[in-house]
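**Q** Output the structure for:
(2 chains)
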Amino acid sequence: AQKITQTQPGMFVQEKEAVTLDCTYDTSDPSYGLFWYKQPSSGEMIFLIYQGSYDQQNATEGRYSLNFQKARKSANLVISASQLGDSAMYFCAIPNAGGTSYGKLTFGQGTILTVHP
Amino acid sequence: EPEVTQTPSHQVTQMGQEVILRCVPISNHLYFYWYRQILGQKVEFLVSFYNNEISEKSEIFDDQFSVERPDGSNFTLKIRSTKLEDSAMYFCASIRREGLIDTQYFGPGTRLTVL
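**A** The predicted structure follows:
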C-alpha cells in the first residue's frame, strides 16, 4: 500500500523568500510518481507539479521545484520567491500505478503555508 | 484548457435525505474518481470507476454510496441517506491513462453540509 507522510503541520515564510515543504513516501511500485497539490482557502485542489521516479532531473514548474531524493524516499516541494497568494494548504500525493487501483491517489496530511508580508 | 466541473458548489441537506453530486470529467478521459475531505483533514479516496463499473472502493464507500455514469459526460455520486458525518468536501477527478502515470485533475469540489 502507498503511504505519504508530511511532518510539518504548518510553515511560515517571509514574502520573497524560499520555503521547503517536506514529503516522504513509501510504495512497492517499481515505477511511480509524486504529485503536489495546492488547496487555497476557497477549497479547490490545484495541481502544481509532478515528479516521475525515473526522471533524470528534478521537476520544475515556474517557482515550484521538487527536491527528489529517491534513495531517501523524499520529494520535497521548494517554492522560491514566496508570494502572499502562496498561503494555502499543500498536499503531497502518490498514485497507484496499475491494476484496478490505477490512478488512485493517496494523500499526505498536508502542510499549511502562511506567507508573511 | 479542459477542466473537470462539479455541481452544485454547495449543498445543504437534512440528515436522512438523499443527495446526488454531479461531475463532468474532461471529455476524453477514461478513469474517474471521487474523493472526500472532511474539514481540516486530508483528502481520502472513495471510489474509482472505469469502463462503466467500479474498479475499486474504499472502506468509506459503504452501501449508502453509489456512483453512476448515466450518459457520456456526467459522473454522479449518490448518498442515499445522509448522516452528519457525511459533511465534507467531495472532489471528482479524472485521467485518461496515456502512460504509466497520468496527472489527475480535480474539479472544484462540492461542499456538502448535513444538518
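**Q** B:Gly16: how many residues sit nearby?
**A** Residues near B:Gly16, counting by other Cβ atoms under 10 Å in any protein chain shown, number 10. No exception for glycine: its C-beta is placed from N, CA and C like everyone else's.
**Q** Can you point out the buried residues in stretch B:32-47?
**A** B:Phe32, B:Tyr33, B:Trp34, B:Tyr35, B:Arg36, B:Gln37, B:Lys42, B:Val43, B:Glu44, B:Phe45, B:Leu46, B:Val47 (16 or more other Cβ atoms under 10 Å in any protein chain shown).
**Q** Would you mind naming what in chain A lies close to chain B?
**A** Proximity of chain A to chain B is confined to A:31-33, A:35, A:37, A:43-47, A:50, A:52, A:91, A:93, A:95, A:97, A:100-110 under the rule Cβ under 8 Å from any Cβ of the partner chain.
**Q** from those, which would you call buried?
**A** A:32-33, A:35, A:37, A:43-45, A:47, A:50, A:91, A:93, A:95, A:97, A:101-110.
**Q** and A:Ala93, how far is that from B:Gln104?
**A** Distance, A:Ala93 to B:Gln104, using Cβ to Cβ, to the nearest Å: 8 Å.
**Q** got any residues that touch both of these two?
**A** Common neighbours of A:Ala93 and B:Gln104 are listed as A:Phe35, A:Leu105 (criterion: Cβ atoms under 8 Å, 6 or more residues apart in numbering or on different chains).
**Q** ok, back up a step: which two from the buried residues of stretch B:32-47 end up farthest apart in space?
**A** Pairwise distances across the buried residues of stretch B:32-47 peak at 20.7 Å for B:Phe32 and B:Lys42 (criterion: Cβ to Cβ).
**Q** what packs against the helix or strand where A:Phe47 lies?
**A** Secondary structure assignment for A:Phe47, by DSSP states H and E: strand A:46-52. Judged by 3 or more Cβ pairs under 8 Å, 6 or more residues apart in numbering or on different chains; DSSP states H and E, the packing partners of strand A:46-52 are strand A:33-39, strand A:60-61, strand A:64-69, strand A:74-79, strand B:105-106.
**Q** For the ones you listed, give me TSV that also has distance to B:Ala88.
**A** As requested, the helices and strands packed on strand A:46-52 are exported to TSV (distance: least, Cβ to Cβ, whole Å):
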stretch	distance to B:Ala88
strand A:33-39	14
strand A:60-61	29
strand A:64-69	28
strand A:74-79	25
strand B:105-106	14
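**Q** out of the ones you listed, nearest to B:Val24?
**A** Across those, closest to B:Val24 is strand B:105-106 (Cβ to Cβ), at 12.1 Å.
**Q** can you list contacts of the closest one?
**A** Counting by Cβ under 8 Å, 6+ apart, A:37, A:44-47, B:3-4, B:26, B:35, B:91-95 sit against strand B:105-106.
**Q** repeat that for 10 Å
**A** A:37, A:39, A:44-47, A:105, B:1-4, B:6, B:25-26, B:29, B:33, B:35, B:43, B:91-95 (Cβ atoms under 10 Å, 6 or more residues apart in numbering or on different chains).
**Q** Make sure A:Gly43 is indeed in a strand.
**A** No: counting by DSSP: H, G, I helix; E, B strand; the rest coil, A:Gly43 is located in no strand; its state is coil.
**Q** Which residue is the nearest non-sequential neighbour of it?
**A** B:Gly109 (5.3 Å; Cβ to Cβ, 6 or more residues apart in numbering or on different chains).
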